[in-house]
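Student: model this:
(2 chains)
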Amino acid sequence: MIQTSKIIKKYNEVTVLNIENLDIPKGQSFGLVGNNGAGKTTFFNLLLDLIKPSTGTITTNDIQVDKSEDWKQFTGSFIDESFLIGYLTPEEYFYFIGDLRGQNKADVDSFISQFEEIFNDEILGKKKYLRDLSKGNQKKAGIVAALIGNPEVIILDEPFANLDPSTQIRLKQLLKSHANNKEVTILISSHDLGHVTEVCERIVVLEKGDVIKDIKTSPETLKELEAHFAL
Amino acid sequence: MIKHFLSLEWKQYFRSPYWKRGIGLKIIIGFFGLWIIASFLIMGLAIFPVLKDQFPNSDPFLMVNGFVFYWILVDLMMRFFLQKLPVMSVKPLLTLPIKRSQIVNYVLGKSGISAFNFLPLFAIIPFSLMLLKNKYDTSVVLVWIFTLIIITLITNFLNFIIESLTSKTDLSFLPLIAVIAILYGLNYFEIISFSDLISNGVLSITENPVFIVAPIAILIGLYYYNFKILKSKLFIDISVQSKSKDAKTTNLSWTKRFGDIAPFMQLDLKLMMRNKRAKSTFLILVVGLFYGLFFYPQPMYRDIVFMYAFIGIFSTGTFLINYGQFIPAWDSSYYKMLMSQNFKYEQYLKSKFTLMAISVVILFLLGIPYVYFGSKILIVHFAAAIYNIGVNTHVILLGGSYNRKKINLDERAAFNFQGTGAVQWLIGIPLMVIPMGIFGLINWLIGFEIAVAVLITLGLIGILLHKKIMTTITKKYVASKYKMIEAFSQDN
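Tutor: Got it, this is the predicted structure:
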């Protein structure tokens, strides 16, 4: 589904990301871990064509992301709060995203109704603008918006950060159910090794821009990762 | 402690992204500053001989003191719109072992060295030198300088009190303008002659310096009041428990008739209705619409035909100019998200174009009553409207592709220059000066009808080529996509 070849991203001669080859097949749930500055967000920004690679190419579904915009039709993403439009209510925001993804109001309504538990009565019908919601609730809205329109590729940067414990557990279940759907490719990054090993079938460890581990998740993976990061 | 504060300020200033910007704008701002200083100097030097020359029988010193009241009013107005209480990001300091009162005293003290307080000196000191040269008593002159400095500082702190009392409301400048108008009116109709009162006050101080305690007492009182207001605000919960008003939902389904640009039009309309900064674009509409009333009632201007073109462009294009110059910076805070969504850039820009074109039509229709001042005016306004739709919309969209400054939507609107860059200053030239020049020139060389026809033709050409032009503009935007994303994600 997603192929990267010889991706290098430099800022003022400092290499922040250097990935030789990374293929993420369709239907895979892919987890990215690494300490701060490892290049996780840079990698996602490159996938979304928000920054330009210094060298190399990225294709999703055989579309080169910086040449054509057609990948946007099947990609849903949430990187950070700057993905939210502060002066809209959550509903309006969902309708707006839905509109861009060819979903009418009724589609969006029925889609978001399945997230009632996650929203916990704090997001819908509250007559509040997104800018007035707490960080955690903003994140919930952003993640749900990324899922509107059944995208085939879902990219979430640090989806578990800032969420309350119940939502973390619910989000894990939600992502797992998406991961079981072999039509959907999920890419997440996380600092929480437990969550990421639970959700993802493949885990890549980045360190200072380099891929240093590429693991197929097994019951031992969590131990292995903990040992790695304990050093 | 002050040492630490100063070093923080120093770093904040020199590490701000401002310095990374183009040298052109800095030169323009620098020249502007020099020009203002020069005008004050010249005023200070010239006022004495000019008054002496014009009114040989009066004492220029007395006359100048008569102006002090007006100077205070003007100063207060200027400060209200242009001067902000120096802000310091206090949040990180609150938990450190620093006394709150120290922070407040520092902030207030710093406001004392604002350019607004130094600028009057450039006029006061040369004038005083002229006084000395004309054999005024040195002690009188020194006391006078000192008194005026105190008055300047009084205005300084008075302004912050007014600002903090009115800053919560959208039309915060109305009360101030009302008060100033009333004071001016009372004075003008000599119900209470403030100018005499203040003039007499200043004079009696110069005669008997003991009276200086009165303005000093006022100054201390104002400082103390400011101190109290600020100190009570130094808790983050004031900013945290933000007045999250109930969200108003608006039904904008009528925009559906615009087809695939409807989502963006809805977004733009909500942007304007729900953000302080953008709301001002609506308020400015009123100003723009009535702009002609400043000129047309006076026969002096009514005879200058090329002014019609200027007013026509301006009054039918107020929205276009004020809203258009910040495309796409209005969407800067979520630009990244937009760029990862599934839509064609052209739709996004077309929505902006449609809004601006509609605004021109509406403003033209609302301006039809100008026909009262002559049918020629209406004809030129019509031509200007066509020109605005056909040419200026495209010019301003093209200019937008050079926008690299983020806009903070929540900030106060009027006279807010945040997010303003060289683009905003320069775009005025093609927008207003060129059509005015074309119209004026042809009107002068050939005739009124041809001049009108040329403006309309230019506009129509633009409308006919709309699709082509938009494709070119879209390419420009796509080409600067990464630069915009990077620039918009930086706070300035």
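Student: lowest average confidence, helix or strand, in the chain?
Tutor: Because you didn't say which chain, this covers chain A. Least confident helix or strand, chain A: helix A:116-119 with a mean of 86, by mean pLDDT, DSSP states H and E.
Student: my question was about chain B
Tutor: In chain B, compared on mean pLDDT, DSSP H and E, the secondary structure element with the least confidence is helix B:236-240, at a mean of 52.
Student: So which bits of chain B are right by chain A?
Tutor: Among all residues of chain B, those adjacent to chain A (criterion: CB under 8 Å from any CB of the partner chain) are B:242, B:244, B:246-247, B:249, B:262-263, B:266-267, B:270-271, B:274-275, B:333-337, B:339-344, B:409-410, B:482, B:485-486, B:489. The C-beta positions use only the backbone N, C-alpha and C, and glycine is treated the same way.
Student: Are any of the residues you listed buried, and if so which?
Tutor: When burial is judged by neighbour count using 16 or more other CB atoms under 10 Å in any protein chain shown, the buried members of the residues of chain B next to chain A are B:247, B:262-263, B:266-267, B:270-271, B:274-275, B:333-337, B:339-343, B:409, B:485.
Student: and the residue lying closest to A:Glu122 once chain neighbours are set aside, how far is that from chain B?
Tutor: Using CB to CB, 6 or more residues apart in numbering or on different chains and skipping the chain neighbours, the partner closest in space to A:Glu122 is A:Asn137 (5.5 Å). When distances are taken as CB to the nearest CB, to the nearest Å, A:Asn137 and chain B turn out to be 12 Å apart.
Student: Thought A:Leu124 was touching A:Asn137, still the case?
Tutor: No. Distance between A:Asn137 and A:Leu124: 10.7 Å, which falls outside the contact criterion (CB atoms under 8 Å).
Student: ok, which stretches of chain B are strands?
Tutor: If you assign secondary structure with DSSP state E, chain B ends up with no strands.
Student: buried ones in the lengthiest helix in it?
Tutor: When chain B is parsed with DSSP state H, its longest helix is helix B:23-54. Of the residues in helix B:23-54, B:25, B:40, B:44-45, B:47-48, B:51 count as buried by neighbour count, 16+ other CB under 10 Å.
Student: Could you list the buried residues of stretch B:373-383?
Tutor: B:373, B:377-383.
Student: same check, this time on stretch A:57-65
Tutor: The neighbour-count criterion (16+ other CB under 10 Å) identifies A:58-61, A:63, A:65 as the buried residues of stretch A:57-65.
Student: ditto for stretch A:180-198
Tutor: Residues of stretch A:180-198 classed as buried by neighbour count (16+ other CB under 10 Å): A:184-190, A:193, A:195-198.
Student: of all those residues, which comes closest to B:Asn156?
Tutor: Out of those, the one with the shortest distance to B:Asn156 is A:Ser189. That distance is 51.0 Å, counting by CB to CB.
Student: Closest one to chain A out of the buried residues of helix B:23-54, please.
Tutor: B:Leu25 (24.0 Å; CB to the nearest CB).
Student: returning to what we had before: what's the mean pLDDT across the longest helix of chain B?
Tutor: Averaged across helix B:23-54, pLDDT comes to 83.
Student: so what pLDDT did residue 99 get?
Tutor: You didn't pick a chain, so chain A it is. The model's pLDDT for A:Asp99 equals 87.
Student: The intended chain is chain B.
Tutor: For B:Lys99, the predicted pLDDT is 81.
Student: try B:Phe439
Tutor: Looking at B:Phe439, the pLDDT reads 92.
Student: Can you name the residues that contact it?
Tutor: B:306, B:308-309, B:380, B:383, B:451-452, B:454-455 (CB atoms under 8 Å, 6 or more residues apart in numbering or on different chains).
Student: Write out the residues of chain A neighbouring chain B.
Tutor: Those residues of chain A that sit near chain B, judged by CB under 8 Å from any CB, are A:48-52, A:69, A:72-73, A:75, A:77, A:79, A:82-89, A:91-92, A:96-97, A:99-101, A:127-129, A:131-132.
Student: What about the residues you listed, which are in strands?
Tutor: Judged by DSSP E, the subset of these located in strands is A:75, A:77.
Student: In helices only, show me the residues of chain A next to chain B.
Tutor: Secondary structure assignment (DSSP H) places A:91-92, A:96-97, A:99-100 from these within helices.
Student: what's around B:Lys256, how many residues?
Tutor: By the measure other CB atoms under 10 Å in any protein chain shown, the count of residues near B:Lys256 is 11.
Student: Which residue, neighbours along the chain excluded, lies closest to it?
Tutor: Among residues not flanking B:Lys256 along the chain, B:Ala262 sits closest, at 5.1 Å (CB to CB, 6+ apart).
Student: how far away is the one you found from A:Tyr95?
Tutor: Taking CB to CB, to the nearest Å as the measure, B:Ala262 falls 11 Å from A:Tyr95.
Student: circling back: so which of the contacts of B:Phe439 wins on neighbours?
Tutor: B:Tyr308 (32 neighbours).
Student: Tell me which residues touch the residue nearest to that one when sequence neighbours are not counted, please.
Tutor: In space, B:Tyr308 comes closest to B:Val380 once its chain neighbours are excluded; the distance is 3.9 Å by CB to CB, 6+ apart. Neighbouring residues of B:Val380 by CB under 8 Å, 6+ apart: B:305, B:308-309, B:312, B:439, B:452, B:455.
Student: Which ones among the residues you listed lie within helices?
Tutor: The members of these that map onto helices under DSSP H are B:305, B:308-309, B:312, B:439, B:452, B:455.
Student: Would you check which pair of those residues lies furthest apart?
Tutor: B:Val305 and B:Leu455 (12.5 Å).
Student: Please state the backbone phi and psi of the residue lying farthest from the centre of chain B?
Tutor: Within chain B, B:Lys135 marks the point farthest from the mean C-alpha position, 42.4 Å out by CA atoms, centre = their mean. B:Lys135 adopts backbone torsions of phi 70, psi 30, taken as degrees, to the nearest 10.
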